[in-house]
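Predicted model, plus sequence, below.
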Amino acid sequence: MALASLKEGETVLDLGSGAGLDCFLAAQKVGSTGNVIGVDMTPEMVKRARRSAEDGGYTNVKFKLGFIEDLPVAGNSIDAVISNCVINLSPDKKKVFQEVFRVLKPGGRMMISDIVLTRELPRAIKESVEGYHACVSGAMVSDEYLRCIETAGFQAIKVIDQTPFPFDLLINDPTAMAIFEEAKIAPTEAEEIAGTIVSLKVQAYKRN
Ligand SMILES: C[S@@+](CC[C@H](N)C(=O)[O-])C[C@H]1O[C@@H](n2cnc3c(N)ncnc32)[C@H](O)[C@@H]1O
């Protein structure tokens with residue numbers, strides 16, 4: 001969805017760019033007159049993404065080391081902010097959305113996909129390190145998440161898609177099952193909890 005909307009010549013920012021795959025796909029969409037910036041806090045990921053950019057001949061993509069709560073990017077300079085499965089990991093989501101609002105040009109848009117919750121997780125899962133790495137423990141309840149976006153100043157906030165995490169996938173994932181075991185949660189309760197974990201796609205605009 002986010003990638004499909006990108007146009008030739010646009011400047012795109014990917015929050016938590018990891019190995020850089022989404023940046024490379026975005027780079028193809030914006031072409032040689034556009035630019036893509038990936039920001040990630042992990043030096044190893046930035047190094048790996050830069051190497052891939054060099055190998056793939058992507059001259060319109062830059063990777064910067066930094067935090068999404070304090071973006072190393074000038075204000076009013078970005079047409080579109082994209083991000084996949086990263087903001088849930090931030091301990092300060094409010095600050096992330098304020099930063100996204102700051103760097104967007106007036107009229108710019110944010111199109112993100114993330115993990116949110118329909119209700120709070122049991123404490124044992126919230127405090128699980130494994131759960132954090134699985135992008136679950138840091139996730140916020142969706143109403144609060146959308147409120148953070150609104151409070152940052154965004155308008156025309158639209159939930160494009162909201163899909164519960166498939167329990168079949170979870171039950172076959174040893175990491176996920178280890179989280180439930182560690183938290184001493186029985187499989188029946190695990191299924192109910194899994195139903196509260198949602199993949200959310202949302203778009204929002206910084207008005208002109
Ligand atoms: C689950 S991976 C997702 C990577 C990529 N977006 C993808 O879809 O493949 C999360 C990435 O976000 C980065 N990350 C997590 N918290 C961050 C933060 N506060 N600031 C910057 N990067 C962060 C991690 O280093 C990691 O590369």
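Received, thanks. Predicted, not measured: the structure shown is a model, and the values here were computed from it.

from here on, contacts and neighbour counts on C-alpha atoms
Will do.

burial of residue 82, as a residue count?
Using other C-alpha atoms under 10 Å, residue 82 has 23 other residues around it.

before we move on, what about residue 38?
By other C-alpha under 10 Å, the residues close to residue 38 number 29.

The one 4 residues further on now?
Other residues within reach of residue 42, judged by other C-alpha under 10 Å, total 15.

Look up the closest residue to it, ignoring the ones flanking it.
residue 65 (7.0 Å; C-alpha to C-alpha, 6 or more residues apart in numbering).

And for that neighbour, the neighbour number?
19.

I'd guessed it sits against residue 47; true?
No. Applying C-alpha atoms under 8 Å, one finds residue 65 not in contact with residue 47, separated by 9.1 Å.

and this structure, which residues reach the ligand?
16-18, 40-42, 45, 66-68, 83-86, 89-90 (C-alpha under 6 Å from any ligand atom).

Show me the residues you listed that map onto helices.
Judged by DSSP state H, helices contain the following of these: residue 45.

Can you say which of the residues of the chain next to the ligand are buried?
Buried members of the residues of the chain next to the ligand, counted by 16 or more other C-alpha atoms under 10 Å: 16-18, 40-41, 45, 66-68, 83-86, 89-90.

all strands of the chain, in order?
11-15, 35-40, 61-65, 78-84, 104-117, 155-164, 197-205 (DSSP state E).

okay, those, which one's buried deepest?
strand 11-15 (a mean of 27; mean count of other C-alpha atoms under 10 Å).
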